[in-house]
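In: sharing a model prediction with you, sequence too.
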Amino acid sequence: MKITFCGAAQEVTGTCILIETNSEKFLIDCGLFQGTEFATDDNAKPFIFNPSEINFVLLSHAHADHCARLPKLVNEGFAGKIYATNPTIDLAQIIMEDAAGVMAIEAGNKHQEPIYQIEDIEKVMPLFSSVKYQEKIQITENISARFVDAGHILGSAQIEVFIKEDGVEKKIAFTGDLGNAPVPLVCDPDSITGADIAITESTYGGRVHEPAELRTQLLSEVILDSVAKGGTLIIPAFSLERTQELLYELKHLLEEKKIPNVPMFVDSPLSIKAIAIYKKYIPYFDDQAQKIAQSGQDLFMFPGLKYTNSVDESKGINSVEPPKIIIAGAGMCNGGRVLYHLKLNLPNKNSKVLIISYQAKNTLGRELLDGAKKIKIQKETVAVRATIKAIGAYSSHADHPRLVSWVSKLVDPKPEHVFIVHGEEKNNLMLKGGIRQKTGIEAVIAQRDQVYEV
């Protein structure tokens, strides 16, 4: 068996894992590389494999860095099935459509062709085949798979793959993006008890999040301080999960009168579409969220909140006097409407920016998190006088102890090989050391496009 990591190797985007057996070739995920732009050279490059030779794809979840190169794969010859949970299928469609729109603009600015058009997504959707959590599915004569809840976003999965070669069955376990339990809405990650080969993400290798019980307290403190100063609080948020979690907790804080009722805006058409999909899949929520939803309450709406879909509505936020709260995409500040709000509010010392998501290298969000005093937004230099605050507990990724624990629980069987992906170099090294100390396993930090025989 051969494994090749065609992305997310010593980086956090572009997940695409090629697995070759004696009789089949398949992928786990096929995501975009992300940084300052979607339309990076990496996304435009040909795949290092022939897409027409790929038998099937296993899709862990609907974030762009895991799903949004599927139209390119199909355009270049892939015609097999794509296995995913029902929420992932619905969410992947709107994520791919959003990515296509962004890439069209960026490619046009560079006088280039985008890697796919929005109409190409219509060729992808019929290839999806839905799977249920915990249900083992037979894909080919020699390969079966099981999806178990990853607790990352709605419908996200860890994936177990069972491969028979030469009369021997080997099991691959992949974390996907492992969730940061306990969090609102989604269930805690399921446990996997053993694997011959393990592949783990390492986004927060070496990092420990604040305790989950402190997250709402920290959020309320940031809001109270912002309101006291009469300022604007901007929260760059991913459209999937982070926005929905925030609304769920803001509703709770308002009901308990822990924060004042000030104007709040969800300024992200993609988030609004995602919220509609979330409402379709209440059975995927955790017990508490299900109970509230089944009582007839809207988990994502409360007094003072407004969804701004159109451009005019978005611009209208500027006419609302602070204090106010704006939740806008993109989560890494590498595009979307949040740029407009940052340009307007960063020079104001009474403004705040609350970072609640991972910020990849070469993103505007990373610059702000690293303390930049001046940044460039759409070629304009903007002074940063606003306060920049981060809350790690809002990450939807597991921290270092949880990642090490995931590997250490693989005991029946204990992995012969552990590969570390989806993390920057420092995080990879820290997780490698943690795995060695806890389990005695010498994990391998995956190198992009290198073939590993296992």
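Out: Nice, I can see it.

In: any weak-confidence spans in this protein?
Out: Scanning the chain for pLDDT under 70 picks out 36-40.

In: what does the top strand by length along the chain rub up against?
Out: Ranked by residue count and defined by DSSP state E, the top strand of the chain is strand 157-165. Residues outside strand 157-165 that contact it (CB atoms under 8 Å, 6 or more residues apart in numbering): 1, 19, 21-22, 28, 58, 60-61, 84-85, 88, 133, 136, 142-150, 169-176, 178, 189-190, 192, 195. Every residue, glycine included, has its C-beta placed from N, CA and C.

In: report the buried residues of it.
Out: For strand 157-165, the neighbour count (16 or more other CB atoms under 10 Å) marks Ala157, Gln158, Ile159, Glu160, Val161, Phe162, Ile163, Lys164 as buried.

In: partner strands of that strand, parallel or antiparallel?
Out: In the sheet, strand 157-165 lines up against strand 143-149 (antiparallel), strand 168-174 (antiparallel) (DSSP bridges).

In: just name the most buried of those strands.
Out: Ranked by mean neighbour count, these are led by strand 143-149 with a mean of 21 (mean count of other CB atoms under 10 Å).

In: distance between that one and the chain's centre?
Out: 20 Å (CA atoms, centre = their mean, to the nearest Å).

In: and if you look at stretch 16-27?
Out: Here stretch 16-27 is found 24 Å from its chain centre; the criterion is CA atoms, centre = their mean.

In: end-to-end on that stretch?
Out: Distance across stretch 16-27, first residue to last, is 7 Å (CA to CA, to the nearest Å).

In: from the contact counts, what lies against the biggest helix by length in the chain?
Out: Using DSSP state H to define each element, the chain has its longest helix at helix 86-109. Helices and strands touching helix 86-109, by 3 or more CB pairs under 8 Å, 6 or more residues apart in numbering; DSSP states H and E, are helix 64-67, helix 70-75, helix 121-124, strand 128-131, helix 269-280.

In: how big is the angle separating that helix from strand 143-149?
Out: Angle between the axes of helix 86-109 and strand 143-149 is 90 degrees (criterion: axes from the mean of the first three to the mean of the last three CA atoms, to 10 degrees).

In: okay, the angle between helix 86-109 and helix 269-280?
Out: Computed by the same axes, to 10 degrees, the angle separating helix 86-109 from helix 269-280 equals 170 degrees.

In: just checking, Ser129 touches Gly80?
Out: No: counting by CB atoms under 8 Å, Gly80 is not a contact partner of Ser129; they are 9.6 Å apart.

In: got the CA coordinates for the longest helix of the chain in CSV?
Out: Extracted in CSV, the C-alpha atoms of helix 86-109 (Å, rounded to 0.1, in the frame of the first residue of the first chain):
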residue,chain,number,x,y,z
ASN,A,86,-25.8,14.2,4.4
PRO,A,87,-24.9,17.5,6.2
THR,A,88,-21.5,17.5,4.5
ILE,A,89,-23.0,17.0,1.1
ASP,A,90,-25.4,20.0,1.5
LEU,A,91,-22.7,22.2,3.1
ALA,A,92,-20.1,21.3,0.5
GLN,A,93,-22.3,22.6,-2.3
ILE,A,94,-22.5,26.1,-0.8
ILE,A,95,-18.8,26.1,0.1
MET,A,96,-17.8,25.1,-3.4
GLU,A,97,-20.2,27.7,-4.9
ASP,A,98,-18.7,30.4,-2.6
ALA,A,99,-15.1,29.4,-3.5
ALA,A,100,-16.0,29.5,-7.2
GLY,A,101,-17.3,33.1,-6.9
VAL,A,102,-14.2,34.2,-5.0
MET,A,103,-11.8,32.6,-7.4
ALA,A,104,-13.6,34.1,-10.4
ILE,A,105,-13.0,37.6,-9.0
GLU,A,106,-9.4,36.9,-8.0
ALA,A,107,-8.6,35.3,-11.3
GLY,A,108,-10.2,38.2,-13.2
ASN,A,109,-8.1,40.6,-11.3
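
In: list the buried residues of that helix.
Out: Buried residues in helix 86-109 (16+ other CB under 10 Å): 86-100, 102-104, 106-107.

In: gap between Ile159 and Asp65?
Out: Here the distance between Ile159 and Asp65 works out to 16 Å (CB to CB, to the nearest Å).

In: same check on Gln288?
Out: Gln288 is 29 Å from Asp65, by CB to CB.

In: list the beta-bridge partners for Lys25.
Out: According to DSSP bridges, beta-bridge pairing links Lys25 with Glu20.
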